[in-house]
Each structure stands twice: as C-alpha cells, then as structure tokens.
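Q: Build the 3D model from these lines:
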Amino acid sequence: MGNRNKRKIILICSDGGHLAQILELKDLFLQYDYLLITEKTEATYSLRKTYNIKFLKPRSGGSKRSFMFWFTLIGNFFLSLKLLIGHFPKVIITTGSHTAVPMCLIGKLFRRKIVWILSFARINSKAKSASMIYPFADRFIVQWETAQPLYPKSIFLGGLY
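A: Residues are numbered from 1 along each chain as shown. Here you go, the predicted model:
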C-alpha cells in the first residue's frame, strides 16, 4: 500500500534531544504518510537521506530571546504554514520546543489534532513552549510521573527511550 492511502501526520521538533525523542517513534511514524520537520543544521541535514524531512531555520541568538530569535520565529511561522498546507496532516505530533509552536498554532486554526510530548528532560519543571500549547493540545503526554501535576490534564506514558 502506498503512502497516499495512509493517514497523514507531521512530526515537528527542535534539533538535538527533542529530535532524538521524535526519532524514538520511528516504528510508529513509518506506518503513516509522515513529514518530519526540524531545524536545518549540520547534524540534521544528513537525515534527508533516510526520512521524508523538511527543514526550518535554526534558532539564532543563542538561548536568549534576542531580536534575531523573534525574526527567525516569525520566518518559521510562514514556513510552517506552507509545510502544513502542502502535507495537510490529520495530526501534528511534537516533542517541542520553540520550533514547534508556530506549527501547533497554525494546525489548531486548521482544526488539526495536536499531540505534545513533554521533553524527557522535564522531570519537575514546566517548559515555556509546552505551557503555551498545553491549553489547546488534544493530547499532552508527560514522560515522568513527577511532571504530571504540573500539567493536570496530561497523560503519563513513561519515557520514549
């Protein structure tokens, strides 16, 4: 059966640990007509040989929310809109971080299902991007029981690893 007969999903996340966690779902997402979206970096560019992948601009300005960070975020908003319309999934799945926020916001406007998987690194603290999406996520999954009280409507499923 070809991919065009399968349900469409988008998996989106920042590079690094967020991407490593998404790739742990490989056995699941390969069963769908998926599009993987992450930041284009030296480390991620080689993934195009293995996965159906598209890239957003990498964060700039370091960890601080500098002018360039916001400029990149706005640019990625428009890239996300283009990618969402081009693939038009039923579900958007993310492990976060800021890279996923525009896609989740746009996806919700298009009435797509949003599944946010809180980072494995979040044991007992909230994440700004996760907290932004939490109120309208269709499923909000935590990987630690200690994170569940921080997001009362969350579902504890354990770690992806």
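
Q: Could you use CA atoms for every contact and neighbour count after this?
A: Will do.

Q: Next, the buried residues of the helix ranked longest in the chain.
A: Counting residues, the longest helix found in the chain (DSSP state H) is helix 67-87. Within helix 67-87, the residues that count as buried by 16 or more other Cα atoms under 10 Å are F69, T72, L73, N76, F77, L79, S80, L81, L83, L84.

Q: from the middle of its chain, how far away would that helix be?
A: Its chain's C-alpha centre and that of helix 67-87 lie 13 Å apart, by Cα atoms, centre = their mean, to the nearest Å.

Q: could you dump it to CSV, C-alpha only?
A: Only the C-alpha atoms of helix 67-87 are listed here, as CSV (Å, rounded to 0.1, in the frame of the first residue of the first chain):
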residue,chain,number,x,y,z
PHE,A,67,15.8,40.2,18.0
MET,A,68,17.1,37.5,15.7
PHE,A,69,15.3,34.8,17.7
TRP,A,70,12.0,36.5,17.1
PHE,A,71,12.8,37.3,13.5
THR,A,72,13.6,33.5,12.9
LEU,A,73,10.4,32.5,14.8
ILE,A,74,8.3,34.7,12.5
GLY,A,75,10.0,33.4,9.4
ASN,A,76,9.4,29.8,10.6
PHE,A,77,5.8,30.7,11.2
PHE,A,78,5.4,31.3,7.4
LEU,A,79,7.5,28.2,6.5
SER,A,80,5.3,26.1,8.9
LEU,A,81,2.1,27.4,7.2
LYS,A,82,3.5,26.4,3.8
LEU,A,83,4.5,22.9,5.0
LEU,A,84,1.2,22.3,6.8
ILE,A,85,-0.8,23.3,3.7
GLY,A,86,1.5,21.2,1.5
HIS,A,87,1.2,18.0,3.6
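
Q: Can you pull the poorly scored residue ranges out of this structure?
A: Where the chain drops to pLDDT under 70, the residues are 1-4, 61-65.

Q: Now with 90, please.
A: The chain contains residues with pLDDT under 90 at 1-5, 59-71, 73, 160-161.

Q: Many thanks, we can stop here.
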